[in-house]
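Enquirer: I would like to see how this sequence folds:
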Amino acid sequence: MKNILITGANGFIGSYLVEEALGRGYKVFAGVRPNSNRAFLSDPRILFFETELSDKKKLIEKLNSFKAQNGKFDYVIHNAGITKTCFKYDYEIINYQYTRNLIEALLETDSIAGKFIYMSSLAAYGPGNEKTMQPVKDSDIPHPITPYGESKLKSERFIKSLPNFPYLIFRPTGTYGYRDKDFFIVYQNIKKGIETYVGSTNQHLTFIHVKDLARIIFDAMVSPVSRKSYFVTDLNKYTVIEFNTIIKKVLRKKTIRIVFPAAFVKAVALINEKLSCITGKPPTLNADKFKEISCKNWLCDSSGLVENFGFIPEYDLLKGLTETLTHYKRENLL
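Expert: Just a heads-up that it's a prediction; the model follows:
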């Protein structure tokens, strides 16, 4: 049985990575902070690797102790990080420096036998051209528009700079499924009969169901392919209207369509950010989120997944949202 470490295991995507690993027979070590919420990690087969990535010295001590008892990790999936914060410098510290701490500690202790998987984001490259509406490609020059995206790109560049380091980088697009919090807000609004847009209804999007995301990561991890990066989508293109229409169909709701002026939403986001951060809790709608939701082209090219791994998604948006929303309704959450 091979050892795998999955950092950020207690979060939305991380918990599905853990479930996929268990289903494939790995000995799973969930990398979490000592005080992390483990509501999604109740399977008794899960072992915990408690550590703070902020302290490289202690991390090295922890890895040396682990290796003496269990041997090396065969694989590491680094999924830990933050997507929103009240303090912009946190992105640099948590998403970049902690990533560097982990990799350097793994290498200095010779604690990893196989591949290192880095969970990046489409945000690392930023949106596509709104005039040509061409999908973003791996060969394009990245231009992240938020500090979050910049921190992810900086981590990618550090990883790629390491000679002979066996990595794979994945940049998921809009990831959805049961347990997700960001899209859940959209579902709630439509349940209330409100269908909202920012600036216009002309927005092009890509999505990936969390189960397909977990599956392709593990398929790629055990393949001979190494030192490459990929955008992850369900291979389809959608409009924001199509997204909302599917939700309305599944929830059987009629809605009032409201197109808010971009300037108004920007002002609300700025005010919301300042007020929410007084309590230390970053809001879902902030200045960075406004930048993302006001962009019209979030298309990206995932053809490399097909060419290198034969990726065939199980879920398109209709099937994925139907399963997700049905689950929420069953739990009386919608």
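
Enquirer: and residue 180, helix, strand or coil?
Expert: Under DSSP: H, G, I helix; E, B strand; the rest coil, residue 180 falls in the coil class.

Enquirer: List the contacts of the nearest residue to it once chain neighbours are set aside.
Expert: In this structure, residue 180 finds its nearest non-sequential neighbour in residue 12, 5.2 Å apart by Cβ to Cβ, 6 or more residues apart in numbering. No exception for glycine: its C-beta is placed from N, CA and C like everyone else's. Shown in contact with residue 12 (Cβ atoms under 8 Å, 6 or more residues apart in numbering): 175, 177, 179-181, 210.

Enquirer: Just flag the most distant two among the residues you listed.
Expert: Distances among the contacts of residue 12 were taken as Cβ to Cβ; the most separated pair is 181 and 210, at 12.4 Å.

Enquirer: So those two - more neighbours on which side?
Expert: For residue 181 versus residue 210, the count of surrounding residues by other Cβ atoms under 10 Å is larger for residue 210: 24 against 10.

Enquirer: In terms of pLDDT, where does the more buried one sit?
Expert: On the pLDDT scale, residue 210 is placed at 98.

Enquirer: try the one 3 residues further on
Expert: In this model, residue 213 is scored at 98, pLDDT.

Enquirer: For it, give me its contacts.
Expert: If you count contacts by Cβ under 8 Å, 6+ apart, then residue 213 has 13, 16, 170, 172, 175, 232 around it.

Enquirer: Surely it is in a helix?
Expert: Yes: per three-state DSSP, residue 213 lies within a helix segment.

Enquirer: Could you measure from it over to residue 192?
Expert: 29 Å (Cβ to Cβ, to the nearest Å).

Enquirer: same deal with residue 41?
Expert: Residue 41 is 32 Å from residue 192, by Cβ to Cβ.

Enquirer: Neighbour count: the two, which is higher?
Expert: Ranked by neighbour count (other Cβ under 10 Å), residue 41 and residue 192 place residue 41 first, with 18 against 11.

Enquirer: Go ahead and confirm that one touches residue 30.
Expert: Yes: the criterion here is Cβ atoms under 8 Å, and residue 41 meets it with residue 30 at 5.5 Å.

Enquirer: all strands in the stretch 1-150 of the chain, in order from the N-terminus.
Expert: 3-7, 27-32, 47-50, 75-78, 116-119 (DSSP state E, counting those that start in this stretch).

Enquirer: before we move on, back to that, among the contacts of residue 213, which are in helices?
Expert: When the contacts of residue 213 are checked against helices (DSSP state H), the matches are 13, 16.

Enquirer: As CSV, the contacts of residue 213 with distance to residue 224 would be great.
Expert: Conversion of these to CSV gives the following (distance: Cβ to Cβ, whole Å):
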residue, distance to residue 224
13, 25
16, 25
170, 17
172, 23
175, 26
232, 19
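
Enquirer: quick one: which of the contacts of residue 213 is most hemmed in?
Expert: Comparing those on neighbour count, residue 232 comes out first with 28 neighbours (neighbours: other Cβ under 10 Å).

Enquirer: beta partners of it?
Expert: With DSSP bridges as the criterion, residue 232 is bridged to residue 172.
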